[in-house]
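Colleague: Just the structure for this:
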Amino acid sequence: MPDLSKTPVTIVTGFLGAGKTTLISHLIRNAGGRRLAVVVNEFGTAGVDGDILKSCAIPDCPAENIVELSNGCICCTVADDFIPTVEALLRMDPKPDHILIETSGLALPKPLLKAFDWPAIRSRITVDGVVALADAEAVADGRFAPDLAAVDAQRAADDSLEHETPLSEVFEDQIACADLVLLTKPDLAGPDGVARARAVIAAQTRRPLPVLEVAEGMVDPAVLLGLEASAEDDLAARPSHHDGHDDHEHDDFDTIMVTMGEIADPADLTARLVRLAETQNILRVKGYAAVDGKPMRLLVQAVGGRVRHQFDRPWRAEEARLTRLVVIAEHDNVNEAAIRATLGA
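Modeller: From the prediction side, this is the model:
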């Protein structure tokens, strides 16, 4: 039985654009009387997800219970950022009943798990579970999981070759660390795509792992909160590509902040983002746009060439009406001048 004096923590991981923020927004609104706190970590220095989640604040998860860490990958800044943040949450009165941690899409969950052995917090919190989100369409297309048989054959032929991309390693580490996998956007993948995605995930796991299909983050919180996995005590069963390394780097990825004035037409911005994905191999774009003549701010989310936007709230009087987009790409694919030109910045 778990130590009931410990505050349970759920780590929500998953690749860029898999739907982590949407899921946590749903959990905030449907917590079933639990008082929640949220720690959200973004890759890069300009956070977007924290603002989205704070707009979902309710009495059981007020805005002050939602903390954004944007000084780097949470698994790399444990002593400076993560531990003090958790300690501050545990000092709250009333104390949260459950803490949710949304990692960056590029974070490795296992180093974060190891942080729960930190002397200042190890007797006060426990990892109730690690939930990994995987985009069904992307996984089905093989974007983040290599053909293992082909990789093995190539290694046998030439062991000096590098066969695994940084994206595949991140994906595999997140799946290997999970207690539960949520297969998101199943409608876009279709039944055949979902079946292929399930097969890819099954090939990446060494232990039985439940996989659930979830659309728009709509899942019963009872399924996710209360797994009682005590994951920090089960590290050996969660292999990582980085086992044996004291640290890791994110030099494989770059972010660019693009700031512009008001835009005339959201459809034109969408077309530019699609063109950006096609010509510059961009992984993710997210941010806000100011639309000429509109009092509402336009929330923009793009994964590859798939773009979604919606007006989320009125511009505040003290805010500058600017368009700010965070562009994330693999390091070798970044051409900042071309990115800015395509967006019209």
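Colleague: And the helix or strand containing residue 311, what's buried?
Modeller: Per DSSP states H and E: residue 311 is located in strand 306-314. For strand 306-314, a neighbour-count test (16 or more other C-beta atoms under 10 Å) marks 306-307, 309 as buried. To be clear about C-beta, it is placed using only N, CA and C from the backbone, and glycine gets the same treatment.
Colleague: Helices along the chain, start to end?
Modeller: Residue ranges of the helices in the chain, as given by DSSP state H, are 20-29, 49-54, 83-90, 109-115, 136-140, 148-157, 166-177, 186-204, 221-224, 266-280, 336-343.
Colleague: what sits against residue 280?
Modeller: Neighbouring residues of residue 280 by C-beta atoms under 8 Å, 6 or more residues apart in numbering: 329, 333-335, 338-339, 342.
Colleague: Mind doing that once more with 7 Å?
Modeller: Contacts for residue 280 were tallied using C-beta atoms under 7 Å, 6 or more residues apart in numbering; they are 329, 333, 335, 338-339, 342.
Colleague: okay, who's weakest in those by pLDDT?
Modeller: Here the lowest pLDDT out of the contacts of residue 280 sits on residue 333, with 61.
Colleague: before we move on, back to that, where among the helices of the chain is the average confidence lowest?
Modeller: helix 148-157 (a mean of 40).
Colleague: pretty sure residue 285 is touching residue 302, no?
Modeller: Yes - Residue 285 lies in contact with residue 302 (C-beta atoms under 7 Å); the separation is 4.1 Å.
Colleague: Below-threshold pLDDT in the stretch 1-150 of the chain: ranges please.
Modeller: 1-4, 16, 42-65, 69-80, 144-150 (pLDDT under 70).
Colleague: Check the burial of the spatially closest residue to residue 8 that is not a sequence neighbour by counting its neighbours.
Modeller: Take residue 8 and drop its neighbours on the chain: the residue closest to it by C-beta to C-beta, 6 or more residues apart in numbering is residue 128, 3.7 Å away. For residue 128, the neighbour count with other C-beta atoms under 10 Å is 25.
Colleague: which residues touch residue 128?
Modeller: Contacts of residue 128 were listed using C-beta under 7 Å, 6+ apart, and they are 8-10, 225-229.
Colleague: ok, so what distance separates it from residue 216?
Modeller: Residue 128 sits at a distance of 23 Å from residue 216 (criterion: C-beta to C-beta, to the nearest Å).
Colleague: quick one: residue 137 from residue 188, how far?
Modeller: Look at residue 137 and residue 188: by C-beta to C-beta, they are 4 Å apart.
Colleague: So the two - more neighbours on which side?
Modeller: Neighbours of residue 137 and residue 188, each counted by other C-beta under 10 Å, are more numerous for residue 137; the result is 22 against 15.
Colleague: show me the contacts for that one.
Modeller: Residue 137 makes contacts with 185, 188-189, 193, as judged by C-beta under 7 Å, 6+ apart.
Colleague: who wins for neighbours among those residues?
Modeller: Going by other C-beta under 10 Å, residue 185 tops these with 24 neighbours.
Colleague: thought it was touching residue 138?
Modeller: No - using C-beta under 7 Å, residue 185 makes no contact with residue 138, being 8.4 Å away.
Colleague: how near is residue 211 to residue 82?
Modeller: The gap separating residue 211 from residue 82 is 28 Å, by C-beta to C-beta.
Colleague: typed the wrong thing, it's residue 38
Modeller: From residue 38 to residue 82 the distance is 13 Å (C-beta to C-beta).
Colleague: More neighbours: which of those two?
Modeller: For residue 38 and residue 82, the more surrounded residue by other C-beta under 10 Å is residue 38, and the numbers stand at 28 against 22.
Colleague: didn't that one look like it was pressed against residue 25?
Modeller: No - Residue 38 is beyond contact range of residue 25, at 9.7 Å (criterion: C-beta under 7 Å).
Colleague: Now do the contacts for the closest residue to residue 205 other than its chain neighbours.
Modeller: Leaving out its chain neighbours, the residue that sits closest to residue 205 by C-beta to C-beta, 6+ apart is residue 175, at 6.3 Å. Counting by C-beta under 7 Å, 6+ apart, residue 175 makes contact with 132, 181, 201, 204-205.
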